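Participant: Whatever this is, show me its structure:
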Amino acid sequence: MDLTNWGIQQISSCSKLRHLSLVRSQEDFAISFRRVNDLGILLMAENCSNLESVRLGGFCRITDAGFRAILHRCSNLQKLELLRTTQLTDLVFHDISATPLSLTDVSLISCTLITDFSIIHLAYCKDIQVLDLKGCRRVGDEGLKVVSSLGKLKTLHLNSSDISDVGLSYLGSGNAPLLSLSLRSCQRLTDKGISALVAGSLVQTLQNLDLSNIPNLTDNAILVLVKSGMQIVELRLRECPLIGDTSVIALASMHFQGRGYGSTLRLLDIYNSGGITKLAISWFKKPYFSRLRWLGIGSNVNGYMDVLGRDRPLLRILWQGNELDRGRQDFSDEFYKVEFEEEDELEQWLQNVGNEGEVEDEIGQWLQEDFSSSLFLYQKETVLQSFNIFMFHIFVQCDGK
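Facilitator: Numbers count the residues shown, from 1 in each chain. So this is what the prediction gives:
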């Protein structure tokens, strides 16, 4: 059973239609509507000119002519979502500035022929609040340069794009007030890009950040995030081979508005991050991460999950690689209250250490137990940096008293 031009023509008889969604997909398989071409879309755009949102996916025979008809004839269009439209090219958007459109939500998912040229022209739509470019592998730094000037942009997805640290420097110095940013599988990014990203005003607005599957990302990038004071609510670090215990320790040391350590985080996904060991698990005990509700973690430490589950009954733990469900998390304001008499192992350990030399010796002993000797010096240095952050927060708290 397949949709045809005749079926599209029947839809076009609904002249008052406001919202249209036609997507063909099947899990693990790429399937398409093979009997719909530009003719069907031209008829629909002509008769359904009042459309406000259009979502089309899996149309392998629609070319630029069909998509241009939608943009030029549906003057009320605000939301455009195109998925796996294999013949969509930059020509669709080259004269979008000549249309009266006020697009607010644009998604071009896995449109592999789209380049920076399309993004530069889309930036003429100054009201865009959501821009989803997942799987647009030819979008790079020049496109991000103009995106950074969109003053109403709240959500930006750049998964698997060709951006580099230069592109993140454009975004960090721009005026887009982003709340959510996904950089998943952007293979060219490094720690320098994250430093550039948090150097500007995004520190004040960004809440959700996805840095999953970035092979060159290290613990140093997370230390930069913590030092910046960014109040992250959701952080995804899945399948980052160089992210380890140091990142968890640094995140646990975050302290905002007297709410406790690591308090802003509601979701943390560190599934299959290469350096996560049992040392990191101990930092999820009370009083750290008091507002955390979702935790994704690898099966290599699942032997400790029962203990953690008993200590944190409100925490949902996924350890089999399941993706933490976006948009359905229970982010209630209830959090774990810590009694003053509760003994904290970390603070007890810090009190028992006489000087920095002893701190260094004990951290070194931990690392020798948990990591190979070839990584020992590097991990030792970065863990010491994260402990310095933690000590800094303790000193600030004491001075406040």
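
Participant: partners of Lys79 in the sheet?
Facilitator: Ser53, Asp105 (DSSP bridges).

Participant: can I assume it is in contact with Leu56?
Facilitator: No: assessed by Cβ atoms under 8 Å, Lys79 is found out of contact with Leu56, at 11.7 Å. In short, each C-beta sits where N, CA and C put it, glycine included.

Participant: Please say which of these two ends up with more neighbours.
Facilitator: Leu56 (24 against 16; other Cβ atoms under 10 Å).

Participant: I'd assumed Val23 was in contact with that one.
Facilitator: Yes: counting by Cβ under 8 Å, Leu56 does reach Val23; the two are 7.0 Å apart.

Participant: what do those two both touch?
Facilitator: Leu83 (Cβ atoms under 8 Å, 6 or more residues apart in numbering).

Participant: give me phi/psi at Gly275?
Facilitator: Dihedral angles of Gly275 (phi, psi; degrees, to the nearest 10) stand at phi -100, psi 10.

Participant: all numbers from here: first residue = 49
Facilitator: Let's use 49 as the start, then, which means that last one is Gly323.

Participant: Leaving out sequence neighbours, find the closest residue to it.
Facilitator: Gly292 (2.0 Å; Cβ to Cβ, 6 or more residues apart in numbering).

Participant: okay, now Glu94: neighbour count?
Facilitator: 12.

Participant: Determine the set of other helices and strands touching whichever helix or strand Arg358 is part of.
Facilitator: Following DSSP states H and E, one finds Arg358 within helix 353-359. Based on contacts counted as 3 or more Cβ pairs under 8 Å, 6 or more residues apart in numbering; DSSP states H and E, the elements that helix 353-359 packs against are strand 364-366.

Participant: How about residues contacting the strand it packs on?
Facilitator: With Cβ under 8 Å, 6+ apart, strand 364-366 has contacts from 319, 341-345, 353, 356-357, 372, 378.

Participant: With stretch 198-208 instead?
Facilitator: By Cβ under 8 Å, 6+ apart, stretch 198-208 touches 152, 171, 174-185, 187, 192, 195, 219, 223-234, 258.

Participant: Among the residues you listed, which ones are in helices?
Facilitator: If you go by DSSP state H, these have 192, 195, 219 in helices.

Participant: JSON lines for these, including neighbour count and pLDDT?
Facilitator: Shown next, in JSON lines, are those (neighbours: other Cβ atoms under 10 Å; pLDDT from 0 to 100):
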{"residue": "Leu192", "neighbour count": "26", "pLDDT": "96"}
{"residue": "Val195", "neighbour count": "27", "pLDDT": "97"}
{"residue": "Leu219", "neighbour count": "25", "pLDDT": "96"}
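
Participant: Between those, which sits nearest Ser61?
Facilitator: Top of the list for closeness to Ser61, among the ones in helices among the contacts of stretch 198-208 and by Cβ to Cβ, is Val195 at 38.4 Å.

Participant: Tell me the buried residues in stretch 302-319?
Facilitator: 302-303, 308-319 (16 or more other Cβ atoms under 10 Å).

Participant: In strands, which of the residues you listed fall?
Facilitator: 315-317 (DSSP state E).

Participant: Would you convert those into TSV that also reports distance to Asn53 and pLDDT?
Facilitator: Shown next, in TSV, are these (distance: Cβ to Cβ, whole Å; pLDDT from 0 to 100):
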residue	distance to Asn53	pLDDT
Leu315	44	96
Leu316	49	96
Asp317	44	96
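
Participant: circling back to that earlier point, just the buried residues of the contacts of stretch 198-208.
Facilitator: Buried among these (16+ other Cβ under 10 Å): 152, 171, 176-185, 187, 192, 195, 219, 224-226, 228-234, 258.

Participant: out of those residues, which are inside strands?
Facilitator: Per DSSP E, the buried ones among the contacts of stretch 198-208 map to strands at 178-180, 228-230, 258.

Participant: pLDDT and distance to His120 added to those residues, as JSON lines?
Facilitator: Formatted as JSON lines, these follow (pLDDT from 0 to 100; distance: Cβ to Cβ, whole Å):
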{"residue": "Val178", "pLDDT": "98", "distance to His120": "22"}
{"residue": "Leu179", "pLDDT": "98", "distance to His120": "21"}
{"residue": "Asp180", "pLDDT": "98", "distance to His120": "22"}
{"residue": "Ser228", "pLDDT": "98", "distance to His120": "30"}
{"residue": "Leu229", "pLDDT": "98", "distance to His120": "31"}
{"residue": "Ser230", "pLDDT": "98", "distance to His120": "30"}
{"residue": "Asp258", "pLDDT": "98", "distance to His120": "34"}
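
Participant: just curious, which of those is nearest to Ser276?
Facilitator: Closest to Ser276, out of all of these and judged by Cβ to Cβ, is Leu229, at 13.9 Å.

Participant: I'd say the closest one and Asn256 touch.
Facilitator: Yes: judged on Cβ under 8 Å, Leu229 makes contact with Asn256 at a distance of 7.1 Å.

Participant: Tell me how far the helix or strand hosting Leu204 lies from the chain's centre.
Facilitator: Following DSSP H and E, one finds Leu204 within strand 203-205. Its chain's C-alpha centre and that of strand 203-205 lie 8 Å apart, by Cα atoms, centre = their mean, to the nearest Å.
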